[in-house]
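1. predicted structure and sequence below. I'll ask about it afterward.
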Amino acid sequence: MLFGNMRKNVETFIACDAEYAEARIVLFGAPFDSTTSYRPGARFGSAAIRHESYGLETYSPYLDKDLEDVAVFDSGDLELPMGSAERALDAISERTVEILDDGKLPFMLGGEHLVTFGAFREVRKRYPDVHIIHFDAHADLRDDYLGVKLSHACVMRRCYEQIGDRRIHQFGIRSGERAEFALARAGHTDLHPFSFEGLDDVVDDLANKGVPVYFTIDLDVLDPSIFPGTGTPEAGGVGFEDLRNAVTNVCRRLNIVAIDVTELAPTLDTSGVSTAVAGKLVRELLLLNS
């Protein structure tokens, strides 16, 4: 099989230095935050996760697995135009298609949460029966934000328009307009506010159906006392162990066809703790899906 022309990034996520042809997972960064509604900086998230990953061990004592033993290719960050959400999403879509065409799993590091739409719309074309598992503090179901439909505040609404009712399963949500919660509670999405309560039942149902799943994690699902380095921090939220256990449940039991992790803004947490938290979660996700 002939593969694309992607080249290994100069600096990869720790131990993610396999050759493209042998890799099952392809990492790529989407450094875009032009629609961020509060504090910018998520464009630096993917590079920071990659750089600071060298403070981690390759071995996970949670999983008894090691990144040295799995094949992950890190293609680095896309070069995205900051002034055009449409063109940035097109570039993300193109990279996603290339990875899917080669039978590999796309793993995107944001960037703000809008980047999810660029990848998801291509995954939906490949897997028309796809569902979304969505971890977040915010519903992201606005039809527009200040008249703009391509905004990180609208990303799940744009995805909903692609797949319809009850195929977006939202957990940890604790912020949004009244209309967003009304839309979800009317049954258009499967909303589980504040925590991961109900996740076991959702995983059971999706596992029994055998459907493909797009897994999107906005890191502000975490309590900001754990993860302050994000553009729109929201008081409350889950702890790291809650998140790690939920991620393990989802990835071990479901047919994950694409993943993204978004909304780390590393310059907003000069301690580096938020970046370390993001990096450890990415390590676990890579190992769970290898």
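-> Alright, I've got the coordinates. Residues are numbered from 1 along each chain as shown.
2. burial count for the closest residue in space to Phe196 that isn't next to it in sequence?
-> Distance criterion Cβ to Cβ, 6 or more residues apart in numbering; nearest residue to Phe196, sequence neighbours excluded, is Ala246 at 4.6 Å. Using the backbone N, CA and C atoms, a C-beta is placed for each residue, glycine as well. Ala246 has 22 neighbouring residues, counting by other Cβ atoms under 10 Å.
3. hang on, Ala246 in a strand?
-> No: counting by DSSP: H, G, I helix; E, B strand; the rest coil, Ala246 is not part of a strand but helix.
4. ok, it touching Gly198?
-> No: look at Ala246 against Gly198 with Cβ atoms under 8 Å: they stay out of range, at 11.0 Å.
5. joint contacts of the two?
-> Common contacts of Ala246 and Gly198 (Cβ atoms under 8 Å, 6 or more residues apart in numbering): Phe171.
6. for the residue nearest the centre of the chain, list each beta-bridge partner.
-> What sits nearest the mean C-alpha location of the chain, by Cα atoms, centre = their mean, is Asp260, with 2.3 Å. Bridge pairing for Asp260 (DSSP bridges) gives the partners Met108, Thr216.
7. gap between the residue nearest to Phe196 and Gly172?
-> 9 Å (Cβ to Cβ, to the nearest Å).
8. re earlier: what's the spacing between the residue nearest to Phe196 and Glu284?
-> Following Cβ to Cβ, the distance that separates Ala246 from Glu284 is 11 Å.
9. can you check Ile256 too?
-> For Ile256 relative to Glu284 (Cβ to Cβ), the value is 13 Å.
10. which residues do those two both contact?
-> Counting by Cβ under 8 Å, 6+ apart, nothing touches both Ile256 and Glu284.
11. mind listing the strands for the stretch 1-150 of the chain?
-> Remark: strands assigned in the stretch 1-150 of the chain by DSSP state E, counting those that start in this stretch are 25-30, 59-60, 65-66, 72-77, 105-110, 131-135.
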